[in-house]
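**Student:** Please work out how this folds:
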Amino acid sequence: MELNRCCIHSITNKPWKLDEALDKYARAGIGGVSVWQSSLEGFGAKKAASLVKEAGLEVVSYVRGGFFAHPSGAERQKAVDTNKRQLEEAAELGAPLIVLVCGASPEQSLDASREQIRAGIEAILPEAESLNVRLAIEPLHPMYAADRSAINTLGQANDMAEKIQSDFVGVAVDVYHLWWDEHLKQEILRCGKNGNLLAYHVCDWKTQTADLLNDRGLMGEGCIDLKLIRSWVEEAGFQGFHEVEIFSNHYWQMDQDIYLEKITQAFLKSC
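**Tutor:** Residues are numbered from 1 along each chain as shown. Reported below is the predicted structural model:
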């Protein structure tokens, strides 16, 4: 896998401001960037789009929308309004898609949360279509089912995308959340068959993880068979960027230039 097929999420190098990260990525030969909302602070979407263009990178996605599930109707409407604004930011940034972390609430059943997620996506779909920004449903590991996402398997994400029946709704496959699923291959091929595979995120699962949110591993550092999953993604017809998305208190404390070199080496060796 060549570095021009590599995209890095700006949160991966959290200590860097966006302009510095873009310059470093371009110098390293990285092809794309997925921009997190926090990275727009001090720049705004329009300026960020200009910086990405000047660096010669491609905006792969805007991260993140979603969080539709809530027992309160007023809060659900607030989430819809927030997502519409985020879609406008994504369009201004030049991002072809926005990644959805769909949300959940421990105050209600998972079925209720899933129905609210579907309704929330359908509520913002006209805005997405008018702005030409696609919506990628990202299933999260079941450990997040209580309060972060009620969509926990790729099968559930595929079911929802297929029920909504829009070319603007698909799924994001993140190996950190899905590597354990015995049905992963068939579900990746399923979303490939339906044209629903919009994004592919890579990192690794450390067997001695210190923090389930902020201790992701570099590719090759853990137990995920990245090359096997890559073969399924390619069999499904996916030809997009392979996006490095790593939350890590350990790596955020490291010299980020050294860390970026580790990322590029790990990508070339293990992806």
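**Student:** Strands of the stretch 1-150 of the chain, start to end?
**Tutor:** For the stretch 1-150 of the chain, applying DSSP state E, counting those that start in this stretch gives strands covering 6-9, 32-36, 58-66, 97-101, 134-137.
**Student:** got the buried residues for stretch 148-164?
**Tutor:** 148-161, 164 (16 or more other C-beta atoms under 10 Å). C-beta: built from backbone N, CA, C; applies to glycine.
**Student:** what's the answer for stretch 222-236, then?
**Tutor:** If you call a residue buried by 16+ other C-beta under 10 Å, then stretch 222-236 has these buried ones: 222, 224, 226, 229, 230, 232, 233, 236.
**Student:** Within the helices and strands, which one has the second one?
**Tutor:** The one in question is residue 224. Using DSSP states H and E, residue 224 falls within no helix or strand.
**Student:** Kindly report the same for residue 260.
**Tutor:** helix 256-270.
**Student:** What are the buried residues along that helix?
**Tutor:** For helix 256-270, by 16+ other C-beta under 10 Å, it's 256, 259, 260, 263, 264, 266, 267, 270.
**Student:** Pick out whichever of the residues you listed sits closest to residue 248.
**Tutor:** Nearest to residue 248 out of those is residue 259 (C-beta to C-beta; 8.8 Å).
**Student:** tell me the contacts of the closest one?
**Tutor:** Going by C-beta atoms under 8 Å, 6 or more residues apart in numbering, residue 259 touches 13, 251.
**Student:** Can you give me the pLDDT of it?
**Tutor:** Here the pLDDT value assigned to residue 259 is 98.
**Student:** Likewise for residue 215?
**Tutor:** Reported pLDDT for residue 215: 97.
**Student:** how many neighbours does the closest residue to residue 225 other than its chain neighbours have?
**Tutor:** Excluding its sequence neighbours, the residue lying closest to residue 225 (C-beta to C-beta, 6 or more residues apart in numbering) is residue 179, at 7.5 Å. Counted with other C-beta atoms under 10 Å, the neighbours of residue 179 add up to 19.
**Student:** you'd agree residue 179 is up against residue 228?
**Tutor:** No: applying C-beta atoms under 8 Å as the test, residue 179 and residue 228 come out as separate, 9.5 Å apart.
**Student:** which residues of the protein fall in helices?
**Tutor:** Applying DSSP state H to the chain gives helices spanning 18-28, 44-55, 73-93, 110-131, 154-164, 175-178, 184-193, 226-235, 249-252, 256-270.
**Student:** so of the ones you listed, which one's packed in deepest?
**Tutor:** A comparison of the helices of the chain by mean neighbour count, using mean count of other C-beta atoms under 10 Å, puts helix 175-178 on top with a mean of 23.
**Student:** Closest one to residue 1 out of the buried residues of helix 256-270, please.
**Tutor:** Of all those, residue 1 sits closest to residue 267, with 6.5 Å by C-beta to C-beta.
**Student:** list the contacts for the residue lying closest to residue 123 once chain neighbours are set aside?
**Tutor:** Among residues not flanking residue 123 along the chain, residue 80 sits closest, at 4.7 Å (C-beta to C-beta, 6+ apart). By C-beta under 8 Å, 6+ apart, the contact list for residue 80 reads 68, 120, 123, 124.
**Student:** Need those in JSON lines (columns: pLDDT and distance to residue 32).
**Tutor:** As requested, the contacts of residue 80 are exported to JSON lines (pLDDT from 0 to 100; distance: C-beta to C-beta, whole Å):
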{"residue": "68", "pLDDT": "98", "distance to residue 32": "27"}
{"residue": "120", "pLDDT": "98", "distance to residue 32": "27"}
{"residue": "123", "pLDDT": "98", "distance to residue 32": "29"}
{"residue": "124", "pLDDT": "98", "distance to residue 32": "24"}
